[in-house]
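Q: The sequence and its predicted three-dimensional model are supplied below.
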Amino acid sequence: MNMNKPWMIVFACLTLALLLLLPGSTTVLHPDAGREAAAPSWGASEDAGLGPAPSDDGDDTEYWALMVAVGVYARNPDMDRPSMLVEAERFREMLPVSGHWQEDHIRVITGENATVPRIMQGFRWLDEMEDENDVCLVYLTTHGFPILWDLPPFDEEDGMDEALATYNGFLPFPNPWSWEPLANPLAIIIDDMFNALFNRLESQALGVIVDSCHSGGFNDNWSYAHTYQREVDWVQEFAGELQGRNRVVVTSVPEEDTSYGSYFAHHIIDGLKGYGDANGDGLVSLEEAFYYAREIIEEETSMHPQIFDDYPGELHLTEVELPPTVPETPEGVAVGDTGTAYAYTTTATDPEGHRIRYTVTWGDGTTETTGWEEPGREVTLTHAWSHEGTYDVAVRAEDERGATSDWSAPLTVTMAAPGHVVDQRQVSQWWLFGINNTRWLTQSFVPTVDRLAKLELSLAAWGSGYDLTVSVREDLDGSTLASVILQPAETGWETAWVDIPVGEVALTPGQRYYLVCGGSADDWGLGWSVGRDNPYPQGTFYLSGDGGTTWEEVPERYSGDACFVTYG
């Protein structure tokens with residue numbers, strides 16, 4: 001179907017120009033509750049790729065997908081949610097495993113490419129490719145919120161339309177009423193526009209997935225929307241507005257106060273892999289995937305996903321192809337020397353008995369893929385690191401049909417250069433504690449050697465240009481033995497092991513010392529990785545709320561230690 005008509009772009013621009021600058025409360029689609037474990041960095045901007053794609057001229061059903069995952073936001077790193085990008089990539093990798101899908105029938109618009117024009121072009125591509133014999137799938141994930149007016153066609157009982165933010169969806173200056181930035185009226189898309197885009201499609205079936213979860217800080221802009229119920233209502237209303245004949249719309253409904261990351265999308269994807277095949281017919285419908293995900297989510301959280309089903313029968317999307325199990329965490333030497341090859345073992349099984357090959361990321365920028373192995377057979381992987389440092393080693397498995405597992409939990413290894421030894425080490429990562437000009441953090445340690453030759457910390461930098469002061473002290477409030485100010489390279493919501501150039505520091509073995517981290521900015525640009533359940537019994541993790549003037553142990557519910565490595 002050809003949509004070479006300018007009215008869509010004109011209508012979009014005119015509609016968006018009417019919107020107010022001031023949104024209601026914002027519900028986060030896919031907020032990242034913690035750190036993604038050991039997955040390689042995600043691509044923040046995949047081109048919409050709107051050139052011609054092949055399409056059969058016959059009457060056979062073709063499957064087309066458009067995925068929009070914003071995930072990062074211009075000039076507003078506090079709003080970034082990388083799990084949106086992680087799940088979009090999982091979705092993109094999963095679909096072609098099924099015989100229904102071809103890779104060139106899938107368009108993914110992410111990160112900086114997820115602007116209003118690019119998204120409109122994506123829908124134009126979808127409209128041009130599909131016909132009345134086909135099946136379409138649309139996946140949307142970004143921040144969403146109600147707006148203050150119901151724009152034409154005046155279809156909202158509460159007088160407010162719902163909108164989703166694009167890459168430029170937030171204004172680059174402070175909001176006087178909230179930490180959350182104000183919405184950019186020229187960079188959001190309202191529910192009525194999505195409906196107009198959906199109505200252009202001729203396909204026999206349309207599946208829509210909107211994943212939303214509540215974030216406690218996103219409901220405080222305006223009193224009219226200052227309730228949890230308003231957060232629930234906007235998600236229900238947004239999904240309900242997308243209803244239509246031959247459509248299935250599925251969405252999560254937020255839980256009060258708590259974010260669950262990409263929980264809904266994660267389990268929908270797993271359901272479509274085959275775990276949701278409730279009737280055992282070898283096919284998975286969007287309805288089956290939804291009920292599979294809903295059962296898990298309602299059992300483990302207080303979220304209540306909803307479905308709006310106006311499709312006769314089942315909207316089948318995939319054929320069952322279960323992936324291999326997640327490989328076991330690699331086992332092998334965790335502390336060693338550069339230039340020495342070490343062996344690591346892992347294993348995985350395949351539910352359908354297919355052969356498996358493994359891909360390992362060694363943490364130093366290199367990856368390796370094995371040949372095909374029988375499922376359940378232990379494999380050995382060998383690697384030597386050429387540079388001193390700490391690295392996360394993770395593995396995933398792929399079967400002969402192309403189905404891939406998630407990444408294993410990482411094994412964190414530290415390799416010392418000649419003349420150095422690894423002394424104290426806490427590498428268990430569970431959470432990130434933010435650092436700014438008032439929130440300072442300290443981790444104590446007890447050396448067994450008489451010098452500190454090198455120091456590494458596991459840090460996240462959500463933006464660039466943030467100063468971090470790192471000091472080594474004899475006492476928490478005492479003299480400073482060494483101090484340095486640095487600007488860690490931007491990592492997004494990933495973490496990185498960062499060399500801290502404090503120079504060589506003389507130590508007394510058995511005496512307690514303190515690693516102090518403080519910031520100079522008043523916003524949250526930096527974070528220090530922390531492990532749970534007291535993984536470093538020789539030390540204590542401290543928190544200051546007044547820029548290092550007073551200190552207290554981190555509350556019991558966190559019971560953690562910050563991540564660090566010292567070399568002698």
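A: Nice, I can see it.

Q: what residues are up against residue 565?
A: 390, 414, 422, 424, 425, 426, 427, 455, 456, 497 (Cβ atoms under 8 Å, 6 or more residues apart in numbering). Every residue, glycine included, has its C-beta placed from N, CA and C.

Q: looking at the sheet around it, what are its partners?
A: residue 425, residue 456 (DSSP bridges).

Q: Next one, pLDDT for it please.
A: The model reports residue 565 with a pLDDT of 99.

Q: again with residue 188
A: 89.

Q: Report how many residues lie close to the nearest residue to it once chain neighbours are set aside.
A: Spatial nearest neighbour of residue 188, chain neighbours left out: residue 163 (4.3 Å); criterion: Cβ to Cβ, 6 or more residues apart in numbering. By other Cβ atoms under 10 Å, the residues close to residue 163 number 31.

Q: tell me which element residue 163 falls in.
A: strand 162-165 (DSSP states H and E).

Q: Each with direction, which strands does that strand pair with?
A: strand 144-146 (antiparallel), strand 188-190 (antiparallel).

Q: CSV please, covering the ones you listed and showing distance to residue 206.
A: Formatted as CSV, those follow (distance: least, Cβ to Cβ, whole Å):
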stretch, distance to residue 206
strand 144-146, 20
strand 188-190, 17
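
Q: Out of those, which one sits most buried?
A: Among those, the stretch with the highest mean neighbour count (mean count of other Cβ atoms under 10 Å) is strand 144-146, at a mean of 28.

Q: Poorly predicted segments of this structure, please.
A: Residue ranges of the chain with pLDDT under 70: 1-59, 147-161, 179, 212-244, 253-261.

Q: buried subset of the contacts of residue 565?
A: 390, 414, 422, 424, 425, 426, 427, 455, 456, 497 (16 or more other Cβ atoms under 10 Å).

Q: just the residues you listed now: which is nearest residue 365?
A: Nearest to residue 365 out of the buried ones among the contacts of residue 565 is residue 497 (Cβ to Cβ; 13.0 Å).

Q: hang on, that closest one is in a helix, isn't it?
A: No - checked against DSSP: H, G, I helix; E, B strand; the rest coil, residue 497 lies outside a helix; its state is strand.

Q: Look up how far residue 71 lies from the residue sitting nearest the centre point of the chain.
A: Per Cα atoms, centre = their mean, the C-alpha nearest to the average position across the chain is that of residue 83, at 1.2 Å. The gap separating residue 83 from residue 71 is 8 Å, by Cβ to Cβ, to the nearest Å.

Q: Export stretch 119-129 to PDB, keeping only CA atoms.
A: The C-alpha coordinates for stretch 119-129 follow below in PDB (Å, rounded to 0.1, in the frame of the first residue of the first chain):
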ATOM      1  CA  ILE A 119       9.100   7.100  13.700                       C
ATOM      2  CA  MET A 120       6.700   8.500  11.200                       C
ATOM      3  CA  GLN A 121       9.000   7.100   8.400                       C
ATOM      4  CA  GLY A 122       9.000   3.800  10.200                       C
ATOM      5  CA  PHE A 123       5.200   3.600  10.000                       C
ATOM      6  CA  ARG A 124       5.300   4.700   6.400                       C
ATOM      7  CA  TRP A 125       7.700   1.800   5.600                       C
ATOM      8  CA  LEU A 126       5.300  -0.600   7.400                       C
ATOM      9  CA  ASP A 127       2.300   0.800   5.500                       C
ATOM     10  CA  GLU A 128       4.100   0.400   2.200                       C
ATOM     11  CA  MET A 129       5.300  -3.100   2.800                       C
END
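
Q: Just the strands from the stretch 451-568 of the chain, written as ranges.
A: 451-452, 454-461, 468-473, 480-486, 496-500, 505-506, 513-519, 526-531, 541-544, 552-553, 561-562, 564-567 (DSSP state E, counting those that start in this stretch).

Q: same deal with the stretch 151-300 of the chain?
A: Using DSSP E, counting those that start in this stretch, strands in the stretch 151-300 of the chain cover 162-165, 188-190, 205-210, 247-251, 283-285.

Q: Of all pairs in the contacts of residue 565, which one spans the longest distance?
A: Those two in the contacts of residue 565 that are separated most widely, counting by Cβ to Cβ, are 424 and 497, at 14.6 Å.

Q: Need the distance between the two termini of stretch 446-459.
A: 21 Å (Cα to Cα, to the nearest Å).

Q: do stretch 167-175 as well
A: Start-to-end span of stretch 167-175 (Cα to Cα) is 18 Å.

Q: next one: stretch 502-512
A: 18 Å.

Q: list the buried ones in it?
A: So stretch 502-512, judged by 16+ other Cβ under 10 Å, has buried residues 502, 507, 512.

Q: do stretch 113-131 as well
A: Under 16+ other Cβ under 10 Å, the buried positions of stretch 113-131 are 113-116, 118-131.

Q: tell me the domain boundaries of the chain?
A: 7-31+62-319, 331-416, 422-567 (automatic domain parsing).

Q: Quick check: the residue nearest to the centre of the chain touching residue 264?
A: No - judged on Cβ atoms under 8 Å, residue 83 makes no contact with residue 264 at a distance of 11.1 Å.

Q: Count residues in the vicinity of residue 108, would you?
A: Residues near residue 108, counting by other Cβ under 10 Å: 23.

Q: quick one: it and residue 416, what's the gap?
A: In terms of Cβ to Cβ, residue 108 sits 41 Å off from residue 416.

Q: got it, and residue 366?
A: Residue 366 sits 19 Å away from residue 416, going by Cβ to Cβ.

Q: got a list of what the residue of the chain positioned farthest from its centre touches?
A: Distance from the C-alpha centroid of the chain, by Cα atoms, centre = their mean, peaks at residue 508 (42.7 Å). In this structure, residue 508 makes contact with 447, 450, judged by Cβ under 8 Å, 6+ apart.

Q: Now do residue 436: how many residues are near it, please.
A: Neighbour tally, residue 436, other Cβ under 10 Å: 17.

Q: scratch that, residue 314 is what I was asking about
A: Residue 314: 17 neighbours (other Cβ under 10 Å).

Q: for it, helix, strand, or coil?
A: coil.

Q: The one 3 residues further on too?
A: Three states are possible here, and by three-state DSSP the one that applies to residue 317 is strand.

Q: Surely it and residue 135 touch.
A: Yes - using Cβ under 8 Å, residue 317 is in contact with residue 135, at 7.2 Å.
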